[in-house]
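Novice: next come a sequence and a model predicted from it.
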Amino acid sequence: MTDAFDKAGRYLTAGLRLLPAEIAHDVAMLAMKHGALRCLPKQQQPSFAVPLHVNVPGIGRLRHPIGLAAGFDKNIRCPNAFELMGLSFLEMGTVTPRPQPGNPKPRLFRQPETLSIINRMGFNSDGSRLVAKRLKDLNWKPSRVPLGVNIGKNKDTPQEQAINDFVAGVEVFNAHAHWLTVNISSPNTPGLRNLATPEFLRELAQSIGNIRSKCWIKLDPDMDQGSFRKMISSIQHEGFQGAILSNTHRVEWPEAGGQSGYPLLSPSNSCLEWAWDVTKGSLPVIASGGVLSGVDAFHKLARGACAVQIYTALVYRGPGAAMRICEELSRELKLRGFESAEEAIGCWYL
């Protein structure tokens, strides 16, 4: 069903796509910060063909499984706008301990022919102190929409000192974020992916103590299967809450950076399958990568994800994307004979 909110949002999004990608993103974020979505017709709440409620350990009971991936609102500028879009949970960031400008522009590129985006933003961040104050001032309640913060390291922090950046980020945001994500998987910070080792996770777990139980570890889709399996085992063994699978795929053409959107669907689905092989579903997993439709979301749930995040879908489908994906997901579930979204989780392996 297309309502007036969705239709108006798609027109506005089409207009924004006439601008260079990062300018369009900045304009959209500024408009949302100042309440632009409240000027659109109120979004109708659709009735779903089957119930879409899911339970995500450490995050809570969600009215549907579609949330916001990290990277869209890096500095917690306008979570209210994403709540208005109907997303059921939000991940903000990546936030670094100290402010940094990120990589030189241009650094964000649309690839409409493949429904993808390439970015090499490089963790442009206002820094954890300012962003944490912003979050504290919001007095955001998890009962509205659970909000988590994605934490990274500064570009100029030596690899051997990276643990300090992550510990600092965890400590700063622990009191204000509903959950935390440790980002050791972006391809746009030199050396960051080298931290994706069981040894680093062990050191991090020892350094943050019990806070590890509210931390998710975000992995990249470019690891070899053996290394990936070891990371999944380590995430579970060290007592982290779960894994987010996956970050962007590293590319060099037509631009260097991390690719999100449709080309990421297959490799990120493989990550879900590898994780299930290791844990048989005992480790909570949130899926991210390539979700542009309800059918895509179904395949994430079927492969064991307890929830799904979107990013690129908002660029190509507009602010009504979450509700449209939910409608499509509910129809797909009904067509396949499921009576709820939770019933479909892990069905790929039956």
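Specialist: Thanks, I have the structure now. Computed from a prediction, not measured in an experiment: that's the story for all the values here.
Novice: show me where the stretch 101-250 of the chain has strands.
Specialist: Applying DSSP state E, counting those that start in this stretch to the stretch 101-250 of the chain gives strands spanning 108-111, 116-119, 147-151, 179-183, 215-219, 242-245, 249-251.
Novice: and the closest residue to residue 176 other than its chain neighbours, how many neighbours does it have?
Specialist: In this structure, residue 176 finds its nearest non-sequential neighbour in residue 135, 4.7 Å apart by C-beta to C-beta, 6 or more residues apart in numbering. (Each C-beta comes from the backbone N, C-alpha and C, glycine too.) Using other C-beta atoms under 10 Å, residue 135 has 23 neighbouring residues.
Novice: quickly note the distance from residue 135 to residue 77.
Specialist: Residue 135 sits 11 Å away from residue 77, going by C-beta to C-beta, to the nearest Å.
Novice: can you check residue 328 too?
Specialist: Residue 328 is 29 Å from residue 77, by C-beta to C-beta.
Novice: for residue 343, same thing?
Specialist: Counting by C-beta to C-beta, the gap from residue 343 to residue 77 is 37 Å.
Novice: could I get the contacting residues of the residue nearest to residue 115 when sequence neighbours are not counted?
Specialist: The spatial neighbour of residue 115 that comes closest, neighbours along the chain excluded (C-beta to C-beta, 6+ apart), is residue 262 at 4.2 Å. Residue 262 makes contact with 114-116, 290, 292, 312, according to C-beta atoms under 8 Å, 6 or more residues apart in numbering.
Novice: which among those residues count as buried?
Specialist: 115-116, 290, 292, 312 (16 or more other C-beta atoms under 10 Å).
Novice: worst-scoring helix or strand of the chain, pLDDT-wise?
Specialist: helix 4-16 (a mean of 92; mean pLDDT, DSSP states H and E).
Novice: residues of that one that come out buried?
Specialist: In helix 4-16, the ones that count as buried by 16+ other C-beta under 10 Å are 5-6, 8-10, 12-13, 16.
Novice: next: stretch 335-350.
Specialist: Neighbour-count burial for stretch 335-350 [16+ other C-beta under 10 Å]: 338, 341-342, 344-346, 348.
Novice: can I get those residues in a markdown table with distance to residue 223, pLDDT and secondary structure?
Specialist: Shown next, in a markdown table, are the buried residues of stretch 335-350 (distance: C-beta to C-beta, whole Å; pLDDT from 0 to 100; DSSP: H, G, I helix; E, B strand; the rest coil):
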| residue | distance to residue 223 | pLDDT | secondary structure |
| --- | --- | --- | --- |
| 338 | 32 | 98 | coil |
| 341 | 29 | 98 | helix |
| 342 | 29 | 98 | helix |
| 344 | 27 | 98 | helix |
| 345 | 24 | 98 | coil |
| 346 | 22 | 98 | coil |
| 348 | 21 | 98 | helix |
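Novice: need the residues you listed in CSV with distance to residue 193, can you?
Specialist: Output for the buried residues of stretch 335-350, formatted as CSV (distance: C-beta to C-beta, whole Å):
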residue, distance to residue 193
338, 36
341, 32
342, 33
344, 32
345, 29
346, 28
348, 27
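Novice: on that earlier part again, which among the strands of the stretch 101-250 of the chain is found nearest to residue 83?
Specialist: Smallest distance to residue 83 across the strands of the stretch 101-250 of the chain (C-beta to C-beta): 9.2 Å, for strand 147-151.
Novice: chain center to that closest one, what's the gap?
Specialist: Relative to its parent chain, strand 147-151 has a centroid offset of 9 Å by C-alpha atoms, centre = their mean, to the nearest Å.
Novice: what angle do it and strand 179-183 make?
Specialist: 20 degrees (axes from the mean of the first three to the mean of the last three C-alpha atoms, to 10 degrees).
Novice: got the CA coordinates for strand 147-151 in PDB?
Specialist: The C-alpha trace of strand 147-151 is given here as PDB (Å, rounded to 0.1, in the frame of the first residue of the first chain):
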ATOM      1  CA  LEU A 147      18.800   3.300  20.400                       C
ATOM      2  CA  GLY A 148      22.300   2.000  20.200                       C
ATOM      3  CA  VAL A 149      25.700   3.600  19.400                       C
ATOM      4  CA  ASN A 150      28.300   2.300  17.100                       C
ATOM      5  CA  ILE A 151      31.900   2.900  18.300                       C
END
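Novice: shift numbering so it begins at 3
Specialist: Okay, residue one is now 3; in that scheme the one you just asked about reads as strand 149-153.
Novice: partner strands of it and their direction?
Specialist: strand 92-97 (parallel), strand 181-185 (parallel) (DSSP bridges).
Novice: any idea which of the ones you listed is most buried?
Specialist: strand 92-97 (a mean of 28; mean count of other C-beta atoms under 10 Å).
Novice: what mean pLDDT does that strand have?
Specialist: Averaged across strand 92-97, the pLDDT comes to 98.
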